[in-house]
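J.: Requesting a structural model of the entry that follows:
(chains A, B and C)
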Amino acid sequence: MSKGDFLQKNWCQTDAERARRSLAKWYDSHARDLPWRLTPSLYGTWLSEIMLQQTRVDTGIPKWHLFQELFPSVEDLAQASEAEVMKAWEGLGYYRRARLLHQAAKVVVSKGGFPENREGWLALPGIGPYTSAAIASIGLGEAVAAVDGNVQRVMSRWGGVTDPVDSKTGAQAIQGVADAWLDAARPGDHNQAVMELGALVCSPKQPRCAECPVRFTCTSADNPDMWSVLPRKTPKRKAARWDLTWHVAHHGNQVVAIQRPDTGVWATLWAFPERAPSKSNTPSRPLIPDVVHALTHKRIHARMVGTAMTSTEELHTWAQEVNGVVMTWEECEAKAWPRLATKVWSELKAACMAGN
DNA sequence: AACCCGGGGGA
DNA sequence: TCCCCAGGGTT
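T.: Predicted coordinates for the structure are as follows:
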């Protein structure tokens, strides 16, 4: 490191070492009893890290238990069908994670076991810089600093990093602080301690500086002018409106459903056609009030339109046109559907059945 | 570097 | 409403 770099920093290695020791002591008494920490395994750690990508711990816990029950080992996961994995993942979002997890399980089994270092993990589908560092440090004891959203927040505030954390210079600065903090003797506990600190104390709004174990070396401690603007991030576009219509062609207890394309929103999940039946003898009618469903980058205004077909044959003809499938409601429920569908499912079904 | 990809919870 | 969450992949 050059002399100029050192002078621009408002923290030094001694501060980082103090913070590390203080944090370790704090973590000993504040670590949460998360399920994957009780009987640690590479498989359980891997599952948790994939599920917790952009997902809150409290949201991930039930799914982690479900996967442990349905797919107790990486071999079980690899042998399961993609449909089974997607159904288990239903509702958790970012469905590509489930497919990449499944693909990675097959790779792991074909190679006879889990990777033995960070580089090996990084090569697996769905494993990036953060997840590889997390698994390697927690599961293999490799001395690497894992940087997630919590760490970005803690490090930017503590070290006074004002460059956007998602810019090249900002990311390098964050990595520099995280590396300086790293406890190479117990990197797994250390990385989890930093994240725990970010989740429990150094929260996005109203951080609890009075309870913070590293406040004595922190650039932003008790300084709202600092912590309120850190971490800085490049601005994101607001969600665009998406007017979506699902056409539910139904007859008796059967409907026409489609599997969505393998790219784009809700890839490979099941849904209803967005086109209206072309030659139905009966008029279409809205089944339920329009639904507003917010995604990160799309604000969906969904209209559910039903068409009562006059026969099962007509249902099949329409299914062929849209490359769909005729299924009973019960058969539909065995597939993985977007949250938009599951949250109105019972009303949708009732409205269709009432229209027959 | 910018964009895409879900869904939910807290302020 | 807005922001953020144990991010990764694609362009």
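J.: need the contact list for A:Cys218.
T.: By Cβ atoms under 8 Å, 6 or more residues apart in numbering, the contact list for A:Cys218 reads A:19, A:157-158, A:209, A:212. Where you see a C-beta, it was placed from the backbone N, CA and C, and this is true even at glycine.
J.: redo that, cut-off 6 Å
T.: A:Trp158 (Cβ atoms under 6 Å, 6 or more residues apart in numbering).
J.: State the distance from it to A:Asp225.
T.: Separation of A:Cys218 from A:Asp225 (Cβ to Cβ, to the nearest Å): 14 Å.
J.: How about A:Leu66?
T.: 44 Å.
J.: higher neighbour count, these two?
T.: Neighbour tally, A:Leu66 and A:Asp225, criterion other Cβ atoms under 10 Å: the higher count belongs to A:Leu66, 13 against 8.
J.: Could you list every helix and strand in contact with the longest helix along chain A?
T.: Longest helix in chain A, counting residues (DSSP state H): helix A:13-30. In terms of contacts (3 or more Cβ pairs under 6 Å, 6 or more residues apart in numbering; DSSP states H and E), helix A:13-30 is packed against helix A:168-181.
J.: Are the helix it packs on and DNA strand B in contact anywhere?
T.: Yes: Helix A:168-181 lies within reach of DNA strand B by Cβ under 7 Å from any atom of the strand, at A:Lys168.
J.: Please enumerate residues in contact with that helix?
T.: So helix A:168-181 is in contact with A:13, A:16, A:19-20, A:145, A:147, A:151-152, A:155, A:159, A:161, A:163-165, going by Cβ under 6 Å, 6+ apart.
J.: Which residues of the stretch 101-250 of chain A lie near DNA strand C?
T.: Residues of the stretch 101-250 of chain A lying near DNA strand C (Cβ under 7 Å from any atom of the strand): A:125-132, A:134, A:148-150, A:152-153, A:192, A:195-196, A:198-199, A:204, A:233, A:236, A:238.
J.: Please give me every residue in contact with the closest residue to A:Glu142 other than its chain neighbours.
T.: Excluding its sequence neighbours, the residue lying closest to A:Glu142 (Cβ to Cβ, 6 or more residues apart in numbering) is A:Ala136, at 3.9 Å. Applying Cβ under 6 Å, 6+ apart, we find A:Ala136 in contact with A:118, A:121, A:142, A:144.
J.: how about A:Ala136, secondary structure?
T.: Recorded secondary structure, A:Ala136: helix (DSSP: H, G, I helix; E, B strand; the rest coil).
J.: any idea how far A:Pro187 is from it?
T.: From A:Ala136 to A:Pro187 the distance is 8 Å (Cβ to Cβ).
J.: just A:Leu101 next, same as before
T.: 24 Å.
J.: quick revisit: of the contacts of helix A:168-181, which is the nearest to DNA strand C?
T.: A:Gln152 (6.8 Å; Cβ to the nearest atom of the strand).
J.: For that closest one, the count of nearby residues, please.
T.: Neighbours around A:Gln152, by other Cβ under 10 Å: 24.
J.: Give the rounded mean pLDDT of the helix or strand containing it.
T.: Following DSSP states H and E, one finds A:Gln152 within helix A:149-159. Across helix A:149-159, the average pLDDT comes to 98.
J.: swap in stretch A:302-315?
T.: 95.
J.: next one: stretch A:60-73
T.: 98.
J.: circling back to that earlier point, drop anything exposed from the contacts of helix A:168-181.
T.: A:16, A:19-20, A:145, A:147, A:151-152, A:155, A:159, A:161, A:163-165 (16 or more other Cβ atoms under 10 Å).
J.: farthest-separated two in those residues?
T.: A:Arg20 and A:Pro164 (25.6 Å; Cβ to Cβ).
J.: after the helix or strand hosting A:Trp318, next one along is what?
T.: In this structure, A:Trp318 is located in helix A:312-321 according to DSSP H and E. Sequence-wise, the next helix or strand downstream of helix A:312-321 (DSSP H and E) is strand A:325-328.
J.: Can you mark which positions in whatever helix or strand comes next after that following strand are buried?
T.: Counting by DSSP H and E, the element after strand A:325-328 in chain order, helix or strand, is helix A:329-333. For helix A:329-333, a neighbour-count test (16+ other Cβ under 10 Å) marks A:329, A:332 as buried.
J.: Return the distance of whichever residue of the stretch 101-250 of chain A sits closest to DNA strand B relative to A:Glu17.
T.: Per Cβ to the nearest atom of the strand, A:Lys168 is where the stretch 101-250 of chain A lies closest to DNA strand B, at 3.8 Å. From A:Lys168 across to A:Glu17, the span is 27 Å (Cβ to Cβ).
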